[in-house]
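Q: here is my input; please provide its structure:
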Amino acid sequence: MKVLIVEDEAPAARRLKQLIKTAHEEIEIVATLESVAQTVHWMSKNQLPDLIFMDIQLADGLSFEIFTHVRIGCPVIFTTAYDEYALRAFKVNSIDYLLKPVSQEDLNQSVEKFMILKEQFREPQINKIDSTNMANFEAMLETLQISKNYKSRLLIKIGEKMISLLMENIAYFSSEDKLVYAITSDAKRYPLDYSLDELETMIDPKTFFRLNRQYIAKINSIQSIHNYFNGKLKLFLTPPTPKEVVVSREKASHFKQWLEV
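A: Numbers count the residues shown, from 1 in each chain. Okay, here's the model as predicted:
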């Protein structure tokens with residue numbers, strides 16, 4: 001069984017290696033990576049492992065960003081010192097979520113869970129673009145019975161007053177100069193106290209899509225889609241955006257699949 005470790009702290013990586021080796025003697029650790037960028041590069045050049053142990057907070061950002069650049073079709077066990085990302089973790093192929101410091105007992109149970117699920121969903125080796133096998137792992141996540149309750153409204157503070165903004169009235173979210181705004185279908189802008197990363201954990205992924213670092217858009221706000229250079233897509237949203245909205249080549253395929261659901 002081939003395992004990949006994504007962990008930016010050397011002591012934590014060494015401890016995790018030791019725990020993994022103790023948990024199952026047939027495990028081969030194929031690589032230990034330290035950042036989002038390094039992991040994305042490795043994924044594009046190598047065959048996917050059977051299982052990934054992934055820290056959430058890496059030196060160059062949250063590891064969830066990796067999933068926006070490459071499609072990972074193997075299960076992931078997240079390791080983190082924080083419990084605030086649990087729901088988001090289970091949206092990206094996670095089969096377990098271990099809080100640091102990770103104990104041998106907890107890790108053993110996670111590996112055992114993986115082995116059981118692997119038998120239940122035995123398939124040929126998965127790669128980044130195999131949508132059939134991806135569906136198998138989505139079914140795997142359903143067996144975990146994780147509750148996904150998405151917000152139907154946001155409470156927004158404006159000066160001394162607060163308003164309740166319905167999600168159905170929001171066309172898209174944008175990030176500008178380190179500030180995040182909700183833009184409604186009638187072109188009103190409301191400042192938010194959430195980052196786009198945080199909003200991703202709150203909103204229904206069937207309705208909203210993270211287009212890039214600056215925009216999360218609702219499906220009915222997408223006015224038109226145009227082919228752009230190097231396999232990218234250029235989008236026009238309603239209401240119009242002050243800057244052009246581009247979906248990267250890596251995310252273009254996932255975006256098109258999302259539109260067809």
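
Q: CA only for contacts and neighbour counts going forward, please
A: Will do.

Q: residues in a beta bridge with D55, which ones?
A: In this structure, D55 has beta-bridge partners T79, where bridges are defined by DSSP bridges.

Q: and it, what pLDDT?
A: For D55, the model assigns a pLDDT of 92.

Q: that one against F64, yeah?
A: No: checked against Cα atoms under 8 Å, the pair D55 and F64 is beyond contact range at 9.7 Å.

Q: out of these two, which sits in the busier spot?
A: Ranked by neighbour count (other Cα atoms under 10 Å), D55 and F64 place D55 first, with 27 against 20.

Q: got the contact list for that one?
A: If you count contacts by Cα atoms under 8 Å, 6 or more residues apart in numbering, D55 has them with V6, E7, D8, S63, F78, T79, T80.

Q: next, the contact list for the spatially closest residue to the fourth one that is not a sequence neighbour, please.
A: In other words, S63. Closest residue to S63 apart from its sequence neighbours, by Cα to Cα, 6 or more residues apart in numbering: I56 at 4.9 Å. Contacts here follow Cα under 8 Å, 6+ apart; on that basis I56 touches L62, S63, F64, F78, T79, T80.

Q: okay if I get the residues you listed as CSV plus pLDDT and distance to T22?
A: Below are the contacts of I56 laid out as CSV (pLDDT from 0 to 100; distance: Cα to Cα, whole Å):
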residue, pLDDT, distance to T22
L62, 86, 28
S63, 89, 25
F64, 88, 28
F78, 91, 18
T79, 89, 17
T80, 82, 20
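
Q: and which of those is nearest to Q257?
A: Using Cα to Cα, the shortest approach to Q257 within the contacts of I56 belongs to F64, at 19.3 Å.

Q: any idea how far the closest residue to the closest one other than its chain neighbours lies from F229?
A: The shortest distance from F64 to any non-neighbouring residue, by Cα to Cα, 6+ apart, is to I56 (7.1 Å). In this structure, I56 and F229 are separated by 32 Å, where distance is defined by Cα to Cα, to the nearest Å.

Q: could I have stretch 38-52 exported to CSV, CA atoms only?
A: Listed in CSV are the C-alpha atoms of stretch 38-52, where the atom choice follows Å, rounded to 0.1, in the frame of the first residue of the first chain:
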residue,chain,number,x,y,z
GLN,A,38,5.1,21.1,-4.1
THR,A,39,2.1,18.8,-3.8
VAL,A,40,0.4,20.1,-6.9
HIS,A,41,3.7,19.6,-8.8
TRP,A,42,4.2,16.1,-7.5
MET,A,43,0.6,15.1,-8.3
SER,A,44,1.0,16.2,-11.9
LYS,A,45,4.1,14.1,-12.3
ASN,A,46,3.3,10.9,-10.4
GLN,A,47,0.7,8.2,-10.0
LEU,A,48,-1.7,8.7,-7.2
PRO,A,49,-0.9,6.7,-4.0
ASP,A,50,-3.5,4.5,-2.3
LEU,A,51,-3.9,6.9,0.6
ILE,A,52,-2.8,10.5,1.6
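
Q: now do the same contact list for the nearest residue to R249 once chain neighbours are set aside.
A: In this structure, R249 finds its nearest non-sequential neighbour in K232, 4.4 Å apart by Cα to Cα, 6+ apart. Residues near K232 by Cα under 8 Å, 6+ apart: V246, V247, S248, R249, A252.

Q: any idea where the helices of the stretch 101-250 of the chain begin and end?
A: Under the criterion DSSP state H, counting those that start in this stretch, the stretch 101-250 of the chain contains helices at 104-120, 131-143, 196-200, 249-260.

Q: possible to save those as a markdown table with mean neighbour count?
A: Rendered in a markdown table, the data for the helices of the stretch 101-250 of the chain read as follows (neighbours: other Cα atoms under 10 Å):
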| stretch | mean neighbour count |
| --- | --- |
| helix 104-120 | 15 |
| helix 131-143 | 16 |
| helix 196-200 | 17 |
| helix 249-260 | 14 |
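
Q: export those helices to TSV and tack on distance to F173 and mean pLDDT?
A: Conversion of the helices of the stretch 101-250 of the chain to TSV gives the following (distance: least, Cα to Cα, whole Å; pLDDT from 0 to 100):
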stretch	distance to F173	mean pLDDT
helix 104-120	36	86
helix 131-143	27	48
helix 196-200	8	85
helix 249-260	17	85
